[in-house]
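Asks: Model the structure of this input:
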Amino acid sequence: MKRYMIPCLLLVLLAACAESRSGNVYTRDQARTAMNVSYGRVIQVNQVQIEGTKSVVGPLAGGAAGAAVGSTIGGGTGKTVAVVLGGLAGAAGGAVAEEQITKKNGLEITVQMNNGDRTVIVQEADEPFSMGDAVRIIKGPDGSARVRH
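Replies: Sure thing, here's the model as predicted:
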């Protein structure tokens with residue numbers, strides 16, 4: 001049981017460290033950076049799915065867990081084969097698990113700007129938006145943008 005704890009803890013830590021796409025979260029680099037603000041009204045809101053992270057952490061953790069399970073099977077050449085196959089199966093499972101754990105519900109928000117332009121921004125669905133809401137579009141020099149009330 002102890003051999004499974006480290007890979008499982010790695011997956012939990014991965015989920016906790018997943019990059020946020022929230023309109024309420026700023027990166028360290030965005031702090032104390034001047035940003036442009038535009039104003040408008042929400043004209044459409046669609047629910048979307050923001051894909052999960054695809055890094056090496058999930059496959060590594062899954063591969064380690066799979067190899068650990070494989071090492072408990074058989075002996076000699078059979079054990080080696082079990083470790084390799086367990087590692088490969090675990091890596092594939094870890095990749096899928098990582099993406100599923102880190103995916104987020106999002107909103108595709110279409111805004112009619114006060115100057116007549118329209119813009120669409122996708123961000124996490126952690127703040128409700130409805131048609132007709134007066135909003136601010138905050139654009140950073142790095143190209144990031146967010147919708148805020």
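
Asks: can we go C-alpha only for contacts and neighbour counts from here?
Replies: Noted.

Asks: any idea how far the residue nearest to Ala92 when sequence neighbours are not counted is from Gln30?
Replies: Distance criterion Cα to Cα, 6 or more residues apart in numbering; nearest residue to Ala92, sequence neighbours excluded, is Pro59 at 6.2 Å. With distances taken as Cα to Cα, to the nearest Å, Pro59 is found 31 Å from Gln30.

Asks: So between those two, which is more surrounded?
Replies: Pro59 (25 against 14; other Cα atoms under 10 Å).

Asks: Next SSE downstream of whatever helix or strand that one lives in?
Replies: Pro59 is located in helix 57-70, with elements delineated by DSSP states H and E. Using DSSP H and E, the next helix or strand after helix 57-70 towards the C-terminus is helix 76-102.

Asks: what comes up buried for the helix or strand just after that next one?
Replies: Counting by DSSP H and E, the next helix or strand C-terminal to helix 76-102 is strand 104-113. Buried residues in strand 104-113, counted by 16 or more other Cα atoms under 10 Å: Lys104, Gly106, Leu107, Glu108, Ile109, Thr110, Val111, Gln112, Met113.

Asks: Equivalent analysis for stretch 61-73, please.
Replies: In stretch 61-73, counting by 16+ other Cα under 10 Å, buried: Ala61, Gly62, Gly63, Ala64, Ala65, Gly66, Ala67, Ala68, Val69, Gly70, Ser71.

Asks: ok, the residue nearest to the last one when sequence neighbours are not counted to Gly90 distance?
Replies: Of all residues not flanking Ser71 in the chain, Val83 sits nearest, at 5.2 Å (Cα to Cα, 6+ apart). Separation of Val83 from Gly90 (Cα to Cα): 10 Å.
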